[in-house]
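[1] After the sequence you'll find the predicted model.
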Amino acid sequence: MYNVFVNNIPISLSTTARVGDGYISLPLKKTNLIHIIERLNENPTLKFHLYHKKQYKLLPLLEKKLPVYVAGGGKVYNENNEILFIFRNRCWDLPKGKIEKGESIEECAIREVEEETGISGLEITRFLKKTYHVFKRNGEYRLKLTYWFEMITDYDNELTPQLDEGITKVKWKSGKKVRKALRKSYANIGELFPREALIDKTRLLFEHQDDFDESDIYDTSV
């Protein structure tokens with residue numbers, strides 16, 4: 001199952017026509033996504049579920065519904081097992097940004113993390129997942145597709161928020177501080193923090209940094 005977030009409200013996608021009580025289930029291929037978005041804006045208590053019998057078609061069909069804005073971002077760990085957060089628009093977030101012409105999604109993710117936080121020495125350890133959320137720009141709804149990568153760094157110098165992008169703080173967080181930040185974050189960011197991700201994993205990250213295979217990002221089952 002996948003989620004597309006509209007103002008932190010999920011629209012679920014799956015191959016099952018029915019997922020439970022209270023959901024409005026509609027066929028993905030025939031659904032007007034803009035209509036659903038506008039209904040959620042009017043009534044955020046509604047629960048929508050879109051389905052298609054073939055799983056490999058779910059995301060391609062979704063990406064035909066709205067103009068797609070592709071971005072790359074990082075969930076960055078330091079040697080103390082702390083995670084790098086940015087603070088923007090009164091919310092804690094992870095660094096990410098739009099891909100530029102001619103660069104790979106991995107290059108995009110590293111560049112954006114460096115620009116938004118002032119960090120350096122990043123290494124990608126693995127692809128995490130893709131997240132989707134809807135935003136509006138110039139009166140038009142768009143679908144933001146973000147490719148997320150787990151990264152490590154031994155950087156221990158000063159962090160520098162990218163002020164011209166509205167970022168006012170950059171902080172390393174762990175344990176309770178991570179959980180507190182997630183309560184003041186976005187729903188799609190929460191998808192990058194399964195419960196087991198909050199345990200100590202520094203040794204595994206640094207031992208297996210050579211295991212990254214960029215072909216992983218094309219596996220839609222992730």
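    Here it is on my side, so go on.

[2] what about the host helix or strand of N41, average pLDDT?
    Counting by DSSP states H and E, the element that carries N41 is helix 33-42. Computed over helix 33-42, the mean pLDDT rounds to 95.

[3] Spell out the residue ranges of the helices in the chain.
    Secondary structure of the chain, counting by DSSP state H: helices at 33-42, 58-63, 105-117, 176-182, 187-190, 202-207.

[4] Deepest-packed of those helices, please.
    helix 105-117 (a mean of 21; mean count of other Cβ atoms under 10 Å). For every residue, glycine as well, the C-beta is placed using N, CA and C.

[5] who does that one touch, helix- and strand-wise?
    In terms of contacts (3 or more Cβ pairs under 8 Å, 6 or more residues apart in numbering; DSSP states H and E), helix 105-117 is packed against strand 68-77, strand 83-88, strand 96-98, strand 123-137, strand 140-152, strand 167-173.

[6] what comes into contact with that helix?
    For helix 105-117, contacts defined as Cβ atoms under 8 Å, 6 or more residues apart in numbering pick out 70-74, 76, 84, 86, 95-100, 103, 119-120, 122, 124, 147-149, 151, 159-162, 165, 167, 170, 214, 217.

[7] Please give the centre-to-centre distance between it and its chain.
    Relative to the centre of its chain, helix 105-117 is centred 14 Å away, using Cα atoms, centre = their mean, to the nearest Å.

[8] now the angle from that helix to strand 123-137?
    Angle of helix 105-117 versus strand 123-137, following axes from the mean of the first three to the mean of the last three Cα atoms, to 10 degrees, is 80 degrees.

[9] For helix 105-117, output the C-alpha coordinates as PDB.
    Extracted C-alpha coordinates of helix 105-117, given in PDB (Å, rounded to 0.1, in the frame of the first residue of the first chain):
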ATOM      1  CA  ILE A 105      18.600  11.700  -8.100                       C
ATOM      2  CA  GLU A 106      21.500  10.600  -5.800                       C
ATOM      3  CA  GLU A 107      23.500  13.700  -6.800                       C
ATOM      4  CA  CYS A 108      20.300  15.800  -6.200                       C
ATOM      5  CA  ALA A 109      19.800  14.400  -2.700                       C
ATOM      6  CA  ILE A 110      23.400  15.000  -1.600                       C
ATOM      7  CA  ARG A 111      23.500  18.500  -3.100                       C
ATOM      8  CA  GLU A 112      20.200  19.500  -1.400                       C
ATOM      9  CA  VAL A 113      21.300  18.200   2.000                       C
ATOM     10  CA  GLU A 114      24.600  20.100   1.700                       C
ATOM     11  CA  GLU A 115      23.000  23.300   0.600                       C
ATOM     12  CA  GLU A 116      20.200  23.300   3.200                       C
ATOM     13  CA  THR A 117      22.400  22.400   6.200                       C
END
